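**Q** Predicted model follows, preceded by the sequence.
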Amino acid sequence: MPPVFAHGRLRLYLLKLLDEAPRHGYEVIRLLEERFQGLYAPSAGTVYPRLAKLEAEGLVTHATEGGRKVYSITEAGRAELADRGGELADLELEIRDSVTELAAEIRDDVRGAAGELRREMRAAASASATRVEDESWKAAKEELSRARQEWKEQARRARDESRRAREEAQQARRQAKEAQERAREEVQRIAGQLQEQFAKSGGVLGSLAGAWLGGSGPAPGAAPGAQTGSAAPPVADTDWAEDLAPTGDPARDLDRLLDRFRDEVRDAARDHGVTPVRLAEARAHLAAAAARLGATLRAG
């Protein structure tokens, strides 16, 4: 940028400002900035030495007010200003041109700086977006890798659990099948024995029921005909539970007879009560009946 004031022109303009009114140095600087619309402001190192030189030449003088120098133009200064009136008019035109030129240059500088700033901002934004995108993609890939690994681990555990469940189920089926076979064999064996002995059992169950209902019977180990009470000896009832029609399965028929026996004994206990004496007699009858039944079923 060319200088605002050509050689000797600032000296002439300072005389013009002091001719308008006495001023201190700071006020002179402020007025120059205003005349240039804020586009140019001379420094104190530019203004104060020139004011001192003008004072040394006798063109200006100063007075101290409030600790500051207030400069005023002298008659000699006015005479020089009058002699250079044409030059001063040219200076006014130059100042206006300088203001216009400075404004244009500042606009160009601002426009260039703004363009450069926009380019830098776009470049920075692009670089930032690229970094963000790269970081996001990296984070997404890491997350996907973790998720895939977790899925594989869960799938492996699920396969192991499924295999263990199948093995346990197969083992349970084998055990159930073996237990079923053993139970079937045992039932068949017992059924065969019961079928062989069923005819021999005769009125055993009827005799036992009669002993319960009569409240007396032989005690275990007692002599034949011995009585534990005043009641008459029980008489076997060969028609006992004849309403239970045979099913063709001796084992099942025996279970039904035992169920009937239990029900009738419980009914008798509920209707007639159970005393310690009767409980002792019942225990003896049950022991005798169990012994006879066992002997009957084991006989072969």
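**A** Everything's here; your move. Numbering: from 1, shown residues only.
**Q** Residues contacting the helix or strand harbouring residue 30, please?
**A** Residue 30 belongs to helix 25-35 when elements are defined using DSSP states H and E. Outside helix 25-35, the residues within contact range by CB atoms under 8 Å, 6 or more residues apart in numbering are 13-14, 17-18, 23, 40-44, 47-48, 51, 68-69, 71, 95. For the C-beta atoms, the positions are set from N, CA and C on the backbone; glycine is no exception.
**Q** Toward the C-terminus, what is the element adjacent to it?
**A** Following helix 25-35 in sequence, per DSSP H and E, is helix 44-56.
**Q** so how far is the helix or strand containing residue 86 off the chain centroid?
**A** Element membership for residue 86, per DSSP H and E: helix 85-201. Distance of helix 85-201 from the chain centroid (CA atoms, centre = their mean, to the nearest Å) equals 14 Å.
**Q** what angle sits between the helix holding residue 30 and helix 44-56?
**A** For helix 25-35 against helix 44-56, the angle by axes from the mean of the first three to the mean of the last three CA atoms, to 10 degrees is 120 degrees.
**Q** tilt between helix 25-35 and helix 85-201?
**A** 80 degrees.
**Q** And helix 25-35, what's buried?
**A** For helix 25-35, the neighbour count (16 or more other CB atoms under 10 Å) marks 25, 28-29, 31-32, 35 as buried.
**Q** how many neighbours does residue 285 have?
**A** Other residues near residue 285 number 25, with proximity taken as other CB atoms under 10 Å.
**Q** Give me the secondary structure label for it.
**A** helix (DSSP: H, G, I helix; E, B strand; the rest coil).
**Q** correct me, but residue 190 touches residue 251?
**A** Yes: counting by CB atoms under 8 Å, residue 251 is a contact partner of residue 190 at 5.8 Å.
**Q** who has more neighbours, these two?
**A** Using other CB under 10 Å as the criterion, residue 190 and residue 251 rank with residue 251 on top: 17 against 14.
**Q** How much space separates the more buried one from residue 155?
**A** 52 Å (CB to CB, to the nearest Å).
**Q** do residue 136 as well
**A** Taking CB to CB, one finds residue 136 at 28 Å from residue 155.
**Q** How about residue 165?
**A** Per CB to CB, residue 165 is found 15 Å from residue 155.
**Q** quick one: buried residues of stretch 56-73?
**A** Result for stretch 56-73 [16+ other CB under 10 Å]: buried residues 59-62, 69-71, 73.
**Q** can you list the domain ranges for the protein.
**A** Annotated domains of the chain cover 9-116, 202-298 [automatic domain parsing].
**Q** What subset of the contacts of helix 25-35 is buried?
**A** Applying 16+ other CB under 10 Å to these flags 13-14, 17-18, 23, 40, 42, 47-48, 51, 69, 71, 95 as buried.
**Q** which residues touch residue 267?
**A** Per CB under 8 Å, 6+ apart, neighbours of residue 267: none.
**Q** how about low-confidence regions in this protein?
**A** 1-8, 98-99, 101-104, 106-107, 187, 191-238, 300 (pLDDT under 70).
**Q** make it 50
**A** 1-2, 200, 202-205, 209, 211-233 (pLDDT under 50).
**Q** on that earlier part again, go through the buried ones among the contacts of helix 25-35 and say which is closest to residue 245.
**A** For residue 245, the nearest member of the buried ones among the contacts of helix 25-35 is residue 40. The distance, counting by CB to CB, is 133.6 Å.
**Q** related to what we said a few turns ago, among the buried ones among the contacts of helix 25-35, pick out the one closest to residue 115, please.
**A** Residue 115 lies nearest to residue 40 out of the buried ones among the contacts of helix 25-35, by CB to CB, at 24.4 Å.
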